[in-house]
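Trainee: coords please:
(2 chains)
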Amino acid sequence: MKRFVTRTTIFAGLAILLLAVGLFILPNPVAKHNMLGALLDKHEMLRKTGSPRIVIIGGSNVAYGLDSKRIQEALHIPVVNAGLHASLGMKFYLTDVKPYIREGDIVVVIPEYSQYYTDSFYGNMELVSILFDVYQDGKKQVDARQWWHLMRFIPFYAASKLKMPSEPSVAAPIGVYDRKAFNSYGDAYVHWTMAGRKFKAAQKARDEDHVNPEAIKLLVDFQKFVEGKKATMLLLPPGYQSTSFVNQKPVIDKIYKAMKDNHLPVIATPERYELPDSVFFDTNYHLILPGIERRSDLMIEDLERALTGRYVSLGQ
Amino acid sequence: MLFNSIEFAVFLPVVFILYWLLPRNTVKYQNILVLIASYFFYGCWDWRFLGLLSFSTLLDFYSGLRIHNSRSEGARKRWLIASVTINLGFLAYFKYFGFFVESFAELLSSNGLQAYSSTLNIILPIGISFYTFHGLSYVFDIYNRKITPTTNFIDYALFVSFFPLLVAGPIERATHLLPQIERPRTFEYSKAVDGLRQMLWGFFKKVVIADGCAAYATPIFSDPGSYSGSTLVLGAVFFAFQIYGDFSGYSDIALGTARLFGFELLKNFNFPYFSRDIAEFWRRWHISLSSWFKDYLYYPLGGSRFGKLKTIRNTMIIFTVSGFWHGANWTFIAWGVYHGLLFLPLLIFDKNRKNVGPVAAGRLLPSIREAFQMVLTFSLVTIGWILFRAENITKAGNYLKGIASKSLLSVPLHSGYHTLMIFIALMFGIEWLERGSNHPFETVHPKYPVIRWGMYLFLLVLCLANYKQDQEFIYFQF
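Mentor: Model (predicted):
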């Protein structure tokens, strides 16, 4: 028994050492070239764009589902699309944007529904990739509890780096999920004119799907922070594929009720952003051009309505 | 809790260390510990079904004692019938009730009668088909006087719920596992190391092969109309390797885990894709289920003792029931019938036991004839997997029609799966070379530890690098 435990411990130690080499020493050139690398560009946009402005935060429903230029031109106020990937988790992307919020900003938060009723708001593999290979300073934003949650993804990410992915060719065409797929507003645009692909709609909601109070608390705290900066926070439902919406309706209703019960500044009903299946690209959140235009117009109406009175005229 | 989860990676070492730290000659406490661990393991899915598992265990334990202690044959039979009826009743309710209601409603509708079938949202308790069959084999064996019942409830409960086999088998027999539970177990280094090696091989098959193949097979089966005939063939082949990697990988992990605790479980797979005919395939695929049906259904029906016609009837019955055991869907029944029909010619011409020995024994490569037989058997089995995998009979028909089109001769979709093909070839090659052993690492021992450990580390990293979250095992749904 002693021999067995000693040898398995040595083997486990070797495996951990190998993974540590992968995690801390080996580079991952792909990470900075894929969509996750766009986080750095979005930081740059947030630094450079003058206030007041609209900053839109969320996962890929924001990155792959909006025409910020259209919103900017309609509302006469600069727009930065800071959304990237739901797997970064709401906790990270809310914390990440905090240093950039200035007086007069309008911060529109649009999390995917899963952020509210699971623990995915802590982030997963994509966040690990960001923290180790794209934006190392991001580690300072992660607390012990979040690290505990991310621990389960770290060995797998470290092992995936041992596969030694090579840097993509400069001559290769821009892919939908490349860093270069984002325009100067922060919108991913390469897929806009492509045809929709087949994908699975969200499964039916289960009775045990309940809103996670920690997710709501994150938003409440974030609202306090934003207001402390003399900026405005607004909350919107994501544009969501109709079939998925029908399947998830019971849990979406719970989410909306929790938002209202906690006096979060939600300015539209989820039903308003239920969009036909035909305007989605490859997931139930990513839109192609007709959907992007429709959703952007809805947002323009909602923002105009919500901000009337607060601002005499947007952009002035 | 899945075998391929972080939770299991913590759970297993904790239980293992506690188990062997208990003072020697304390098999009673070891059994209690593993029983608690098994209930915890099962409860991680849905604690509500622990009650059902406990009830099923109590029922068969008590029935076994009553069958054994009854003086009259009538009483023995009554207790057997009660146990079988309740066991199969649970199975029928949880697994088949919705199917029967919907099929009946469809039948009425097709005859012009209006039927309202309410959608029954019955949750299938994971592993119910497996632990029900454990319990049934126990009472059948007592009734047939093959064993005497145990009077130790803990031992019996562990026999039913031992966590490595609880959710997807192998389907154990009391004659094989109960004596191992009852006798003292001592730690054996070689056994434990062999268990770890078999687990590693199982993880490779599950995470790298099965989950890798699923990434290609799933979209093709979801929308067969969008693919050429040649790509549909490729999709079916990917599914053939997916289900093999998934289920035999699970079995390897289960057997390896059990060996860490000093138990030897029944072998469930014996390199089935090296079979030379369908009869041999069924002696090598899901062996514990095939032998269960043979012992508790085929032989009681008369087996092959009453002439060719009855043998054919009995064979078709066990294949059909075996298909239905997999799930409440006509596709599974069709799959069972299909295999029965493939089996019949061998039976009629007395060729079903022609290929009993090892393939290409003593040779590195098979003969041309053997290679042809293996390719033919694999092809027939893969056609069967289309029935098995399709959502319904119509979709299975469309898939097969898609294959039998002009586009069969076109170049199949060929992006991204080259590395996977290399891994499949690697698995196939290693299993071929080691086809005489229980699992490849049983006999492959490079002389130098550096090479050996390097090989294990390579496989471990490969598994971690290819790991995808929430990839359940296919057989959990059965």
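
Trainee: what sits up against stretch A:206-217?
Mentor: A:90, A:111, A:115-119, A:121, A:250-251, A:254-255, A:258-259, A:262, A:264 (C-beta atoms under 8 Å, 6 or more residues apart in numbering or on different chains). Just so you know, the C-beta spots here come from the backbone N, C-alpha and C atoms, and that holds for glycine as well.

Trainee: mind checking which helix or strand of chain A has the lowest mean pLDDT?
Mentor: When each helix and strand of chain A is scored by mean pLDDT, DSSP states H and E, helix A:29-33 comes last, with a mean of 81.

Trainee: can you dump the C-alpha coordinates of the following helix or strand past it into CSV?
Mentor: Using DSSP states H and E, the helix or strand that follows helix A:29-33 towards the C-terminus is helix A:38-48. Taking Å, rounded to 0.1, in the frame of the first residue of the first chain, the C-alpha atoms of helix A:38-48 are listed here in CSV:
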residue,chain,number,x,y,z
ALA,A,38,-10.3,41.4,-28.6
LEU,A,39,-10.6,42.1,-24.9
LEU,A,40,-7.5,44.1,-25.2
ASP,A,41,-8.9,46.1,-28.1
LYS,A,42,-12.1,46.7,-26.2
HIS,A,43,-10.0,48.1,-23.2
GLU,A,44,-8.4,50.4,-25.7
MET,A,45,-11.8,51.6,-27.0
LEU,A,46,-13.0,52.2,-23.5
ARG,A,47,-9.9,54.2,-22.7
LYS,A,48,-10.1,56.3,-25.9
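
Trainee: Packing partners of the very next helix or strand once past helix A:38-48?
Mentor: Once helix A:38-48 ends, the next helix or strand along the chain (criterion: DSSP H and E) is strand A:54-58. Applying 3 or more C-beta pairs under 8 Å, 6 or more residues apart in numbering or on different chains; DSSP states H and E, we find strand A:54-58 packed against helix A:68-75, strand A:79-81, helix A:90-97, strand A:106-110.

Trainee: starting at the chain centroid, how far to the helix or strand just after the last one?
Mentor: Going back to what we said before, that points to strand A:106-110. Per DSSP H and E, the first helix or strand lying C-terminal to strand A:106-110 is helix A:114-117. Centre-to-centre, helix A:114-117 and its host chain are 12 Å apart (C-alpha atoms, centre = their mean, to the nearest Å).

Trainee: ditto for stretch B:267-274
Mentor: The answer for stretch B:267-274 is 11 Å, by C-alpha atoms, centre = their mean.

Trainee: what bits of the stretch 301-450 of chain B have low per-residue confidence?
Mentor: Residue ranges of the stretch 301-450 of chain B with pLDDT under 70: B:444-445.

Trainee: Go through stretch B:303-321 and flag the buried ones.
Mentor: B:303, B:311-312, B:314-320 (16 or more other C-beta atoms under 10 Å in any protein chain shown).

Trainee: quick one: the strands in the stretch 101-250 of chain A?
Mentor: A:106-110, A:232-235, A:240-241 (DSSP state E, counting those that start in this stretch).

Trainee: Could you identify the buried members of the contacts of stretch A:206-217?
Mentor: Counted by 16+ other C-beta under 10 Å, the contacts of stretch A:206-217 give A:90, A:111, A:115-117, A:121, A:251, A:254-255, A:258-259, A:264 as buried.

Trainee: To what extent is residue B:50 buried, counted in neighbours?
Mentor: Applying other C-beta atoms under 10 Å in any protein chain shown, we find 16 residues neighbouring residue B:50.

Trainee: Can you give me the neighbour number for whichever residue of chain B sits closest to chain A?
Mentor: Nearest to chain A, among the residues of chain B, is residue B:464, at 3.4 Å (C-beta to the nearest C-beta). Residues near residue B:464, counting by other C-beta under 10 Å, number 21.

Trainee: next one: residue B:189
Mentor: The burial count for residue B:189: 12, using other C-beta under 10 Å.

Trainee: ok, back up a step: for the spatially closest residue to the residue of chain B closest to chain A that is not a sequence neighbour, give me its contacts.
Mentor: Once flanking residues are discounted, residue B:464 sits nearest to residue A:159: 3.4 Å by C-beta to C-beta, 6 or more residues apart in numbering or on different chains. Taking C-beta under 8 Å, 6+ apart, we find residue A:159 in contact with A:19, A:22, B:461-465, B:467.

Trainee: what residues does chain B put near chain A?
Mentor: Residues of chain B lying near chain A by C-beta under 8 Å from any C-beta of the partner chain: B:6, B:17, B:20, B:187, B:189, B:192-193, B:196, B:219, B:222-223, B:226, B:453, B:456-457, B:460-465, B:467, B:469.

Trainee: Report the buried members of those residues.
Mentor: By neighbour count, with 16+ other C-beta under 10 Å, the residues of chain B next to chain A hold B:6, B:20, B:192-193, B:196, B:219, B:453, B:456, B:460-465, B:467 as buried.

Trainee: circling back to that earlier point, can you redo the helices and strands packed on strand A:54-58 as a markdown table with distance to chain B and mean pLDDT?
Mentor: Output for these, formatted as a markdown table (distance: least, C-beta to the nearest C-beta, whole Å; pLDDT from 0 to 100):
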| stretch | distance to chain B | mean pLDDT |
| --- | --- | --- |
| helix A:68-75 | 32 | 95 |
| strand A:79-81 | 28 | 97 |
| helix A:90-97 | 18 | 96 |
| strand A:106-110 | 24 | 97 |
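
Trainee: Which helix in chain B has the most residues?
Mentor: As assigned by DSSP state H, the longest helix anywhere in chain B is helix B:229-260.

Trainee: Roughly how far does residue B:218 sit from residue B:354?
Mentor: 37 Å (C-beta to C-beta, to the nearest Å).

Trainee: who's more crowded, these two?
Mentor: Neighbours per residue (other C-beta under 10 Å) separate residue B:218 from residue B:354, with residue B:218 holding more: 16 against 13.

Trainee: quick one: buried residues of the least confident helix or strand of chain A?
Mentor: Across helix A:29-33, burial judged by 16+ other C-beta under 10 Å covers A:30-33.

Trainee: go on, stretch A:261-277?
Mentor: For stretch A:261-277, by 16+ other C-beta under 10 Å, it's A:264-268, A:270, A:273-275.

Trainee: Any part of that stretch near chain B?
Mentor: No: against chain B, stretch A:261-277 shows no contacts by C-beta under 8 Å from any C-beta, the least distance being 14.6 Å.

Trainee: pretty sure residue A:33 is in contact with residue A:175, am I right?
Mentor: No: contact criterion C-beta atoms under 8 Å: residue A:33 and residue A:175 do not qualify, at 9.5 Å.

Trainee: phi, psi of the most centrally placed residue in chain B?
Mentor: Nearest to the geometric centre of chain B sits residue B:286, at 5.0 Å (C-alpha atoms, centre = their mean). Backbone torsions of residue B:286, given as degrees, to the nearest 10, read phi 40, psi 60.

Trainee: Okay, and which of the buried ones among the residues of chain B next to chain A map to helices?
Mentor: Per DSSP H, the subset of those in helices is B:6, B:20, B:192-193, B:196, B:219, B:453, B:456, B:460-465.

Trainee: Helix or strand for residue B:66, just tell me which one.
Mentor: Here residue B:66 is assigned to helix B:50-69, by DSSP H and E.

Trainee: Perfect, I'm done here.
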